[in-house]
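In: What follows is a predicted structure for the sequence shown.
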Amino acid sequence: MGMFLRRGLAEKPVHGLNVVISGTLDASNAYVQIDGTKYTSAGTYQIPAGAEITVVCGADSSYVYANGFKITQNGTTVAHGTGTSPISYTLSLTMPVEIAFTKHVPPFGSSSFYWSCEITTS
(Lines give C-alpha, C1' and ligand atoms only; values in the text may rest on other atoms or scores of the structure.)
Protein backbone atom coordinates (compact mmCIF):
# COMPACT_ATOMS: atom_id res chain seq x y z
CA MET A 1 0.00 0.00 0.00
CA GLY A 2 1.17 3.43 -0.80
CA MET A 3 0.75 6.66 1.11
CA PHE A 4 -1.45 9.40 -0.23
CA LEU A 5 -0.71 13.06 0.17
CA ARG A 6 -3.66 15.41 0.25
CA ARG A 7 -3.06 18.72 -1.40
CA GLY A 8 -4.76 21.93 -0.37
CA LEU A 9 -6.23 23.07 2.88
CA ALA A 10 -8.18 20.62 4.98
CA GLU A 11 -11.81 21.60 5.53
CA LYS A 12 -12.59 22.86 8.97
CA PRO A 13 -15.21 20.80 10.78
CA VAL A 14 -18.51 22.57 11.32
CA HIS A 15 -18.97 23.22 15.02
CA GLY A 16 -22.39 24.04 16.29
CA LEU A 17 -23.44 26.12 19.24
CA ASN A 18 -25.84 24.73 21.81
CA VAL A 19 -29.43 25.90 21.50
CA VAL A 20 -31.34 24.57 24.51
CA ILE A 21 -35.13 24.67 24.17
CA SER A 22 -37.17 23.89 27.28
CA GLY A 23 -40.60 24.20 28.83
CA THR A 24 -44.03 23.58 27.34
CA LEU A 25 -44.03 24.02 23.58
CA ASP A 26 -46.94 24.05 21.13
CA ALA A 27 -46.86 23.67 17.34
CA SER A 28 -49.04 26.77 16.88
CA ASN A 29 -48.35 28.99 19.89
CA ALA A 30 -44.89 28.28 21.33
CA TYR A 31 -42.07 27.20 19.06
CA VAL A 32 -38.66 28.10 17.66
CA GLN A 33 -37.78 28.39 13.99
CA ILE A 34 -34.09 28.10 13.08
CA ASP A 35 -33.09 28.82 9.48
CA GLY A 36 -36.53 27.70 8.30
CA THR A 37 -36.79 24.55 10.43
CA LYS A 38 -39.56 24.54 13.05
CA TYR A 39 -38.71 23.09 16.50
CA THR A 40 -41.67 22.09 18.67
CA SER A 41 -39.90 19.71 21.08
CA ALA A 42 -37.69 20.50 24.05
CA GLY A 43 -34.07 19.45 23.66
CA THR A 44 -30.49 20.54 23.05
CA TYR A 45 -29.60 21.18 19.44
CA GLN A 46 -26.21 21.86 17.81
CA ILE A 47 -26.76 24.75 15.40
CA PRO A 48 -24.10 26.46 13.25
CA ALA A 49 -23.12 29.98 14.31
CA GLY A 50 -24.86 32.69 12.33
CA ALA A 51 -28.16 30.83 12.10
CA GLU A 52 -31.29 32.97 12.33
CA ILE A 53 -33.47 32.04 15.32
CA THR A 54 -37.08 33.18 15.54
CA VAL A 55 -38.98 32.62 18.78
CA VAL A 56 -42.80 32.62 18.53
CA CYS A 57 -45.27 32.96 21.43
CA GLY A 58 -49.04 33.12 21.19
CA ALA A 59 -52.32 32.44 22.94
CA ASP A 60 -55.14 30.03 22.28
CA SER A 61 -57.94 31.29 20.05
CA SER A 62 -60.35 32.04 22.91
CA TYR A 63 -57.96 34.20 24.92
CA VAL A 64 -58.89 37.86 24.66
CA TYR A 65 -56.12 39.50 26.70
CA ALA A 66 -52.86 38.07 27.98
CA ASN A 67 -51.06 40.23 30.52
CA GLY A 68 -47.80 38.24 30.51
CA PHE A 69 -47.76 37.64 26.78
CA LYS A 70 -44.10 38.50 26.14
CA ILE A 71 -40.66 37.42 25.04
CA THR A 72 -37.66 38.52 27.09
CA GLN A 73 -33.94 38.29 26.42
CA ASN A 74 -31.62 38.32 29.42
CA GLY A 75 -34.42 39.89 31.48
CA THR A 76 -35.34 42.66 29.01
CA THR A 77 -38.69 42.53 27.20
CA VAL A 78 -38.05 42.38 23.44
CA ALA A 79 -41.64 41.64 22.29
CA HIS A 80 -45.03 42.03 23.96
CA GLY A 81 -48.55 41.41 22.78
CA THR A 82 -52.20 41.04 23.68
CA GLY A 83 -55.05 39.06 22.22
CA THR A 84 -54.52 36.00 20.09
CA SER A 85 -52.04 37.23 17.46
CA PRO A 86 -48.66 35.58 18.03
CA ILE A 87 -45.58 37.67 18.68
CA SER A 88 -42.07 36.84 17.54
CA TYR A 89 -38.48 37.88 18.06
CA THR A 90 -35.53 37.08 15.80
CA LEU A 91 -31.86 36.95 16.72
CA SER A 92 -28.67 35.71 15.10
CA LEU A 93 -26.89 32.81 16.82
CA THR A 94 -23.48 34.09 17.94
CA MET A 95 -23.18 32.26 21.28
CA PRO A 96 -24.95 29.43 23.11
CA VAL A 97 -28.58 30.24 23.90
CA GLU A 98 -31.31 28.88 26.16
CA ILE A 99 -34.95 29.37 25.19
CA ALA A 100 -37.48 28.57 27.94
CA PHE A 101 -41.23 28.59 27.27
CA THR A 102 -43.84 28.91 30.02
CA LYS A 103 -47.51 28.12 29.52
CA HIS A 104 -49.79 30.38 31.62
CA VAL A 105 -53.34 29.68 32.70
CA PRO A 106 -55.17 32.71 34.16
CA PRO A 107 -56.12 32.36 37.84
CA PHE A 108 -59.83 32.92 37.22
CA GLY A 109 -60.31 29.32 36.05
CA SER A 110 -60.62 29.98 32.36
CA SER A 111 -59.76 27.24 29.91
CA SER A 112 -57.76 29.83 27.98
CA PHE A 113 -53.98 30.03 28.13
CA TYR A 114 -51.00 31.86 26.68
CA TRP A 115 -47.21 31.51 26.54
CA SER A 116 -44.24 33.62 27.50
CA CYS A 117 -40.60 32.94 26.67
CA GLU A 118 -37.26 33.80 28.25
CA ILE A 119 -34.16 33.81 26.03
CA THR A 120 -30.84 33.62 27.87
CA THR A 121 -27.51 34.05 26.10
CA SER A 122 -24.19 33.19 27.68
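Out: That came through fine.

In: In space, what's closest to the residue most central in space within the chain - neighbours in sequence excluded?
Out: A centroid search over the chain (CA atoms, centre = their mean) returns Val32, at 3.7 Å, as the residue closest to the centre. Spatial nearest neighbour of Val32, chain neighbours left out: Tyr39 (4.5 Å); criterion: CB to CB, 6 or more residues apart in numbering. (Glycine included, C-beta is placed from N, CA and C.)

In: Is Ile87 bridged to anything, and to what?
Out: Here Ile87 sits in beta bridges with Cys57, going by DSSP bridges.

In: Could you check how far it is from Ala49?
Out: If you measure Ile87 against Ala49 using CB to CB, to the nearest Å, the figure is 26 Å.

In: which stretches of this structure have low pLDDT?
Out: Within the chain, the stretches with pLDDT under 70 are 1-14, 61-68, 107-111.

In: that older thread, touching, the residue nearest to Val32 and Tyr31? I think so.
Out: Yes. Contact criterion CB atoms under 8 Å: Tyr39 and Tyr31 qualify, at 6.2 Å.

In: For those two, work out which one has more neighbours and name it.
Out: Tyr31 (24 against 17; other CB atoms under 10 Å).

In: Tell me the spacing between the more buried one and Cys117.
Out: Counting by CB to CB, the separation of Tyr31 from Cys117 is 10 Å.

In: Nice, that's everything, thank you.
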